[in-house]
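A.B. asks: using only what follows, build the 3D model:
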Amino acid sequence: MIPTAQLHNSLPHCLSETHLDELGPKYAGKVRDVYLQNGRRVLVTTDRVSAFDRILGLIPYKGQVLNQLALWWFEQTADLVDNHVISSPDPNVTVAHEAEPIPIEVVVRGYITGVTKTSLWYLYEQGDRHPYGIELPDGLQKYDRLPEPIITPTTKAAQGEHDERITEEEILARQIVSPEMWQEIKAAAIAVFKRGQKLAAAAGLILVDTKYEMGIINGRLALIDEIHTPDSSRFWIADSWGHGREPENFDKEFLRKWYAKQGYRGDGEPPQMPDDFRVAVAERYIAAYEKLTGRTFEPAEIPAEPRIRRQIALLEG
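C.D. replies: This is a model prediction of the structure:
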């Protein structure tokens, strides 16, 4: 683990976005910027992290942690489904195949939890035993493990809009994907999630739920974006779960809960995040990386002017 003093000395720590303009037009991104260049996607994971989908804070080394952790997860699941990774020329950067994104967020859940009006637990508590078109048994309690992981898909909403709940029947009726492709998507998502649960358990963590973004590359299904990171998945500390207790989060929910304790719910001007808390969040991200991978996180110095463009040119040459 990086000493706390070193984390403090790293504030602020992020890539200089002015120089990223050299990469060409930004394709997408909020805390993860995607650029298109010569038929490839350049994913730049920054030190920004979001809460309530609107609040962006700067967390030391977060970009490096997420980039390296996602690459590790892709290695662990490469036998189950293709992914888009070509290489990682920089600690914060992944060069990936350009993909045709599938317009569905594939959300996989292993436990019944959540507080929003679209969450599995909220719907179940209201008496809905068929949320997202999936049958659930009576008698479940909040934080219970589900008999089997389930997929609760949503649409990929436009920026500023909310994802739309959607069922398997609606996906097929709208012809968003073919029945054969949907079966392949479901099988891949469940297989990757179960692999994730197994590896998380070995690290003393519980993979609670996650979302996968998938796309088509050269006619084949592939995982894109990132997988099983504290930004894209919910993790609990295994020892904190059980007997109806609220488990301790080991993901970006830690950030949301801090805002909630300040009385902030996402409207109006957010409270200023103190440096001590930024460091505490950074320590969580780094600890998640180290627990899951079994590696010691070694921060790489980022030059004041990242040479991403030159590195990609070398790859292509």
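A.B. asks: report the buried residues of stretch 134-145.
C.D. replies: Using 16 or more other C-beta atoms under 10 Å as the test for burial, stretch 134-145 gives 136, 140, 142, 143. Placement of C-beta: from N, CA and C, glycine included.
A.B. asks: list the contacts for the second one?
C.D. replies: Listed by C-beta atoms under 8 Å, 6 or more residues apart in numbering, the contact partners of residue 140 are 112, 124, 146.
A.B. asks: got phi/psi on the first one?
C.D. replies: What it means is residue 112. phi -100, psi 110 (degrees, to the nearest 10).
A.B. asks: same check on the second one?
C.D. replies: Residue 124 adopts backbone torsions of phi -60, psi -40, taken as degrees, to the nearest 10.
A.B. asks: tell me the phi and psi of the residue positioned nearest the centre of the chain?
C.D. replies: A centroid search over the chain (C-alpha atoms, centre = their mean) returns residue 232, at 1.5 Å, as the residue closest to the centre. With angles defined as degrees, to the nearest 10, residue 232 sits at phi -110, psi -10.
A.B. asks: isn't it up against residue 226?
C.D. replies: Yes: using C-beta atoms under 8 Å, residue 232 is in contact with residue 226, at 5.5 Å.
A.B. asks: what's the distance between the residue nearest to the centre of the chain and residue 223?
C.D. replies: Applying C-beta to C-beta, to the nearest Å, the value for residue 232 to residue 223 is 11 Å.
A.B. asks: ok, the nearest residue to residue 104 once chain neighbours are set aside - contacts?
C.D. replies: Leaving aside its sequence neighbours, residue 104 sits nearest to residue 153 (C-beta to C-beta, 6 or more residues apart in numbering; 5.2 Å). Contacts for residue 153 (C-beta under 8 Å, 6+ apart) come out as 104, 105, 106, 107, 132, 166, 167, 168, 171.
A.B. asks: I figured the last one hits residue 178, correct?
C.D. replies: No: at 10.1 Å, residue 171 does not count as touching residue 178 under the criterion of C-beta under 8 Å.
A.B. asks: with neighbour numbers in mind, choose between the two.
C.D. replies: Using other C-beta atoms under 10 Å as the criterion, residue 171 and residue 178 rank with residue 171 on top: 20 against 10.
A.B. asks: which ones are touching the more buried one?
C.D. replies: Taking C-beta under 8 Å, 6+ apart as the criterion, residue 171 is in contact with 104, 153, 177, 182.
A.B. asks: let's see 10 Å
C.D. replies: Going by C-beta atoms under 10 Å, 6 or more residues apart in numbering, residue 171 touches 103, 104, 133, 153, 155, 177, 179, 181, 182, 185.
A.B. asks: go ahead and confirm the second one touches residue 165.
C.D. replies: Spelled out, it's residue 104. No: using C-beta atoms under 10 Å, residue 104 makes no contact with residue 165, being 11.5 Å away.
A.B. asks: between these two, what contacts are shared?
C.D. replies: Counting by C-beta under 10 Å, 6+ apart, the contacts common to residue 104 and residue 165 are 153, 154, 155.
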